[in-house]
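Peer 1: I would like the atomic coordinates for the input below:
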Amino acid sequence: MTPRAQWLAAIGAFEAAARHQNFAHAAEELHLTASAVSHHVRKLEGLLGVALFQRHARGVALTDEGRQLADAAAGALTDVDAVLSALTRERTARGVERVRVSTLHSFLSSWLIPRLGRFAAAHPNIRLSFESSTALTRFDDSGPDLALRHGLGQWPGLTSRPLMPDALFPVAAPTLPGLAAVKGPAEIARLPLLNDLAVQGWREWFAHAGVHGVELGEANSFSDTTDALEAAACGLGVMLAREVIVAPWLANGRLVRLPGPTLATRFSYFAVHPSHRRLTPAAAKFVEWVTREAK
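Peer 2: Residues are numbered from 1 along each chain as shown. Just a heads-up that it's a prediction; the model follows:
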């Protein structure tokens, strides 16, 4: 008897491929590559000793054996989904719902955490679990329910809900040496500059400010925006800050805004979740809340 673990992943990939009649669309739903879906299907065909798909230039079509297995797999997965939903409802009836959220550390610490008390007060039966990372989220079975992302709003296989735009402007510690001589954008170029991993940076801001021909030296760089802002607050240099993230530093006076224009960013903030999976009621409440907070 073939071990059950060898069947499960292959059956899941096959069911999605059979439903879409397309390996690429199945891969998008499952957050795999098309070659990985194809590998699972071929593995299943090898275990069964039959062809499940007819492959041709325009795509794939189920064989008679494939149709038989597809009907059985769809029914079985529907039954499992119904049981999982029932178990979730039972857990909800006991009074506690959990929502797993992935987001950037800078957004979590600077914008979201100061507001979470209001969510907790409005929804005392919901517990939030946060994962912070700069990597794109993998929405597998053990992954988060949703993510709060910074980007263009277009991610394959994901439904995105706009939260708010963002903007860039320079900030520094009020004690930074040479700050008193800064009367406009041109003088900022003479100060030590800091970078994070943002797509838009100093060259674009100086061009927007009408400052051309400046020689920008090598800047200290940080992979996390929060660390870059903390470095600026400690007097290491001038940071090109995102308006949404820098607000706490400006409010407590550790950073001050320098002269110059605001540059609208190409990226905005979005709440995203897999298109093929409906949000749980608790996750939907969180998305509604964060959308209101953002507006």
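Peer 1: and the helices in the protein?
Peer 2: 4-20, 23-30, 34-48, 64-93, 105-107, 116-122, 185-188, 202-208, 225-233, 243-251, 281-294 (DSSP state H).
Peer 1: which residues sit against the shortest one?
Peer 2: When you say that, I think you mean helix 105-107. Outside helix 105-107, the residues within contact range by CB atoms under 8 Å, 6 or more residues apart in numbering are 132-134, 148, 150, 224-226, 229, 242, 244-245, 269. To be clear about C-beta, it is placed using only N, CA and C from the backbone, and glycine gets the same treatment.
Peer 1: those residues into a markdown table, with extra columns for pLDDT and neighbour count?
Peer 2: Output for the contacts of helix 105-107, formatted as a markdown table (pLDDT from 0 to 100; neighbours: other CB atoms under 10 Å):
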| residue | pLDDT | neighbour count |
| --- | --- | --- |
| Ser132 | 87 | 16 |
| Ser133 | 78 | 11 |
| Thr134 | 71 | 12 |
| Leu148 | 95 | 25 |
| His150 | 91 | 22 |
| Asp224 | 88 | 16 |
| Thr225 | 91 | 24 |
| Thr226 | 92 | 19 |
| Leu229 | 95 | 25 |
| Arg242 | 94 | 25 |
| Val244 | 93 | 20 |
| Ile245 | 94 | 21 |
| Tyr269 | 96 | 24 |
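Peer 1: quick one: residues contacting the residue sitting nearest the centre point of the chain.
Peer 2: The residue lying closest to the centre of the chain (CA atoms, centre = their mean) is Arg149, at 3.8 Å. Residues near Arg149 by CB under 8 Å, 6+ apart: 103-104, 136-137, 155, 160, 269-272.
Peer 1: can you get me a residue count around the nearest residue to Val41 once chain neighbours are set aside?
Peer 2: In space, and not counting its chain neighbours, Val41 is closest to Phe14: 5.4 Å by CB to CB, 6 or more residues apart in numbering. Close neighbours of Phe14, defined as other CB atoms under 10 Å, add up to 25.
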